[in-house]
Structure formats: structure tokens, C-alpha cells
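In: Mind folding the following:
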Amino acid sequence: MIPLEYMPPLMFGGLVVFMLVGFPVAFSLLAVGLFFGLISIEQGFFGVPFMQAVPQRIFGSVLANDLLLAIPFFTFMGAVLEKCRLAEDMLDSMGQLFGRIRGGLGYSVIIVGFILGAITGTVAAQVIAMTMISLPVMMRYGYHMRYATGVLAASGTITQLVPPSLVLVVLADQLKTQTASADVGSMYLGAWGPSLVQIGLFALYTFVLSRVRPEWLPAAPRDEKTLEGWALWRQCLRGIIPAAVLIFMVLGTMMLGIATPTESGAMGALGAVILAVIRDPEFNFRDKLVFRTGMTAMAVAALLGVFYYQPLTGLAPQAKLFVQCALALLYAAIVWLIFRAWRIKPLRELIKLSYQSTMRLTAMVVFILIGSTCFSVVFQGVDGGRWVEHLFTGIPGGWIGFLLVVNLFVFFLAFFLDFFEIAFIVVPMLAPVAQKILAPELEAMMGSPEAAASASLVWFGVMLCVNMQTSFMHPPFGFALFYLRGVAPKEVKSSDIYWGALPWVGLQMVMVLLVAAFPQTVTMFLDHGTPGGSGPTELIIEQPAGEAGQINELEQQLPQFEDSPAPAEPASAPVPDKK
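Out: As a prediction, this is how the structure comes out:
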């Protein structure tokens, strides 16, 4: 008979064997879960009814999870923006704006990578687009090949951290415990600080390198600058303003509480299609007139809502009709632009390809979720959660030792696994341990144990997100390096790509240390509790003395019952008791 304490490490070992063979991760998780589930039933660790939790959680936590709808919306938005030449215009204008200083093209790649990361959310599209546009220019100006390839790959991976990142959505769905959770809005707020600090680190490295090795990052020749003055700024604004509007549609509406993550993703997908239409060469004068009419109607409706909205009564009656007419014009303009997207053949083909890529990615995520659900149910059935907790709580050094071991484990695991696989396999097991170890360190900072519990999961999730950026960068399995190698000219050596990536991987690891040492970079935008007070949901009502006395007399006349324990909070799906 196999002892119960041997089952969790055997499950991990079996999963590693399946993946080394080359079996797909989703089906590896499912096969290992079912195989060890049958062994556990045979050994008497739990009964057959316990396995009913697998379909219940699949339907309750995967297929009925509204949060996961944000994944196809954000994926579709990034796929559409990949081909609408937004990156090309922004890189060209930013290159001319910063080209006269040493490392100017490096600064422009970093800034454009940050802006595109906030609207596309896909590493492959960003690396390929920026490499095809900027690498030939850098080679023509005489940039060192290792710096050029490194900054392009690193700027493409920024999209993993900058909201609305798919990684943050997936981590928010997986970072749940019985007493706390990390919602998508908190993950987005927590990621802004580290993403801005990382952009600063990249720019600082470029600045230092331009001073230490000025021949590696030369300034652009004077005759290469084709735009001056207002014409140059207008070209820059032409790329920045649509991107800023789209960022507000996705992130601003969510941060202001106007829309949920799924609704903001839907607005982002619609905004991406409209942006692709207005940037198409076949966008004629009639289309511009309709677009400007719709934008004017939206502005009028927004102003009327600001000046005539009352918190208690809602919109004033004299303004209601005008707002409805303005919104009707806006909807009509949107319908016309969508119709034009269907009529323009290249754009129609682009949307069709975007649908196909979105379907492939969404199907992959759902199958991995189904497999990880089966694996985690059986893993918890053989006391795997307790095994993981004992494994990590026994690490010397307290919370510092825990973060050090976990980050090293995830760093080396990223050599072989994608971030989706790490998030679905490792994160649910580590979330309860992370909350138990990290929450006491944040209690004084956050003001209450409840706020500290949620903030600890956000801190832990953002730290893992920064760490998992390296899965696209470190040799020999970094996918960003594969994308760059696929579109780079033949004269670019593979050795230059790999050696050029190492300093940027080092900067990303420095960023992990900064987030671990200074949790304020994550928690400064989160909601803080009230220290020493009653919880935020506790309500105290004072009663008059006479009324309170009457209530006490009535209570004495009622039969007395023993206090019964409060029912436990239900999990995402009920798990049958063990045999």
C-alpha cells in the first residue's frame, strides 16, 4: 500500500514525466489527475463520490466563470491592432523625436513598447512588429547588434506586466483562498507601479550604456530627420491619441467602476476594430464625417451627463431626451464603421484571422483549465495542500526565504513551461501559503487583516508576473527570441540575439528583487483598511434607551437556544467528503 504522504510528490513526478515525453500539458494534467484518482480510490484515500467534484468545478469555475470572458476579448483586440500599422507610425515618429540623442532609437522602442503593451497584450505581435520596423533602422545607424536585439525583445515582453495583461487576468482568477482573493482591478492597480519602474530601469540602462559605450548607441544622422516642429508633434500625437483613447476605454472604465473586466474587454475589442477602420487607406471623406459626428455626439452626451446628473434622482428630465438622441447618433456611427470594416476586403480578412487566433488561444486556455481542475481536485484529495504548506513554511528565513525559493523555482520552471501552465499548475497551490506568510508583513501597512490578506495575494501575483516575463527572454527557450530570430535579417547572428538578451533578463530579475523588497510599489494604489476599527462592513446602530429596554424584555420571554456555529463559506464548487 502506498502511504498517503507519498502521493503528492508522486503526482508531481508523474506530471514531469508526461511533459518530458512531449505530451500536451492540458492532457498531461488530465491524465495524471485521473490516474492518481483511480489509485487513491483503490487505496481508500477517498471514495468514488469525491471525484464528482471534477465535473462540478469544471462547470462552476471554468465554463461559468464570467471573468475568463475577458481573455478572448483582449486577445482579439491585440490581434486586430497587430496589423493596423499603429506600431509603425509610433516608432517612426518617436524615432525622429528622440533620434538626435545617443540611444534615441532605444528610448523610442522602450516607450512604444510600453504604450503598445497597454493596448495589445500579446508578446508575439509586439516583438515581430517592432523588430520588422526598428531593427533595419538600428542596423543602418550603426547600433550594436546585441543591444538592438536585446532592447527589442525586452520591450516586447513588457506587455506581460502592463495592464490589461492576460497574465494578470489569469493570475487574478487563480489567486483565491478561503478568506481572500485578488480581483482583476486590484491586480491592474498593483501592476502599474512595477511596470513604470521597469520602464525606468530599461531607460536608465540605455542611458548608462550610451555614456560608457557611446559607439554602441550612436545618434541618428541629421539628414535622416524628415519632420520638424509642429509636423513632427502632429505625427506623434496621431499615434498617441488613439492609443490613449483605447487605453481609457479598457482601463479607465474599469478603474472608475463603470465597467467590469469583461465589459471593458468588449469595449476594447470594439475600439480596436474602429481604430483599424479609421487608419485604413480606404477610409474616405464620408466615413470621416460619420466618425466625427459620432465623436461629437459622445462628447455632448458626456457633458450633459456631467452637468445634469443628480445622485438621487438621476439624469434631469430636460436633458434626458438630448442624451438619448446623442447616444442614438453614436450607436449609428458605430454601426456604420462596423459595416465599413466588413466592406473593406483587407480589413475583413484581418478580422477573420483575428477571430481564428482568438479561438485557438481561448481553446488552449480552457483545455488547460479543465486539466488543471482535475489535477488540483485529486491533489487536494490526497492532502497535497498540506504537503505544500509544510514544504514552504519550513523554509528558513521567514517570508524572505519563502519569496527567494518561490521566485527561483518559478524562474527555472519558466525555462520549460509557458506562463499559462505555470499559472494554472503552481499558483493555486502556493496562494494559501503566500497569504499565510506574507499577510502579517503587510498588516501594519494596509491597516487591517482583511486588507492585508487581499494585498498579500496581489503582491505575490504581481511579483510572479514580473518573474514570468523572463520565460520569454532567457535562452535557450525564450519565445521572444524565437520570434525575433524568425523576422530578423540573415546577417543577425543567433549568438548576438542570445547574448543580447542576458542583460535585460538581469534587469528583470533586479525588478523582482525591488518588488520583493519594497511591497509599496504594488500596494500604494490599493484600498487600505482602517487600523484598530471595526471592519468595513460592520454597522453599529444606536437604539434609544426606552426602545432597547422593550426589546430586552421581549428577548427574556423568548425560549433560549444554544448558539450554533455559523455555516462555512461555500467554495467555488462543493467537494464531497472523503470516505
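In: How about Met138, nearest residue that isn't a chain neighbour?
Out: Distances taken as C-beta to C-beta, 6 or more residues apart in numbering place Ala148 nearest to Met138, at 4.3 Å, with adjacent residues excluded. Glycine gets a C-beta too; all of them are placed from N, C-alpha and C.
In: residues in contact with Phe134?
Out: If you look again at residue 134, you'll see it is Ser, not Phe. Ser134 makes contact with 91, 95, 105, 108-109, 148, 152 under the criterion C-beta atoms under 8 Å, 6 or more residues apart in numbering.
In: Is it possible to get TSV of those that adds pLDDT?
Out: Shown next, in TSV, are these (pLDDT from 0 to 100):
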residue	pLDDT
Leu91	71
Gly95	69
Leu105	82
Ser108	83
Val109	85
Ala148	87
Leu152	87
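In: Can you flag the buried ones in these?
Out: The neighbour count (16 or more other C-beta atoms under 10 Å) marks 91, 95, 105, 108-109, 148, 152 as buried among those.
In: which outside residues touch the host helix or strand of Leu171?
Out: Using DSSP states H and E, Leu171 sits in helix 166-174. Residues from elsewhere that reach helix 166-174 (C-beta under 8 Å, 6+ apart): 65, 67-68, 70-71, 74-75, 121-122, 160-161, 181-184, 186-188, 191, 261, 365, 419-420, 423-424, 427-428, 431, 461-462, 464-465, 468.
In: Let me see the contact set for Pro214.
Out: Arg102 are the contacts of Pro214 under C-beta under 8 Å, 6+ apart.
In: For the protein, name the helix or strand with the lowest mean pLDDT.
Out: Lowest mean confidence among the helices and strands of the chain (mean pLDDT, DSSP states H and E): helix 545-557, at a mean of 44.
In: For Gly13, give its distance to Met7.
Out: Here the criterion is C-beta to C-beta, to the nearest Å. By it, Gly13 lies 11 Å from Met7.
In: How about Ala316?
Out: From Ala316 to Met7 the distance is 66 Å (C-beta to C-beta).
In: try Gly60
Out: Distance from Gly60 to Met7, by C-beta to C-beta: 25 Å.
In: my guess is Ala148 contacts Ala501, does it?
Out: No - with contact defined as C-beta atoms under 8 Å, Ala148 does not reach Ala501; the gap is 11.6 Å.
In: For Ala316 and Met7, work out which one has more neighbours and name it.
Out: Met7 (21 against 13; other C-beta atoms under 10 Å).
In: Run through the residues that contact that one.
Out: So Met7 contacts 36, 39-40, 45, 382-384 (C-beta under 8 Å, 6+ apart).
In: ok, of those, which come out buried?
Out: For the contacts of Met7, buried by 16+ other C-beta under 10 Å: 36, 39-40, 45, 382-384.
In: What's the end-to-end length of stretch 135-152?
Out: 8 Å (C-alpha to C-alpha, to the nearest Å).
In: Check what contacts that stretch and list those residues.
Out: By C-beta under 8 Å, 6+ apart, stretch 135-152 touches 95, 105-106, 109-110, 127, 130-131, 134, 202, 206, 209, 213, 215-218, 220-221, 224, 484, 488-489, 491-493, 496-497, 499-504.
In: Narrow those to those in helices?
Out: Members of the contacts of stretch 135-152 lying in helices (criterion: DSSP state H): 95, 105-106, 109-110, 127, 130-131, 134, 202, 206, 209, 484, 496-497, 499-504.
In: Derive a ChimeraX selection command for the buried subset of those residues.
Out: Applying 16+ other C-beta under 10 Å to the ones in helices among the contacts of stretch 135-152, the buried members can be selected in ChimeraX as follows:
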select :95,105,106,109,110,127,130,131,134,202,206,209,484,496,497,500,501,503,504
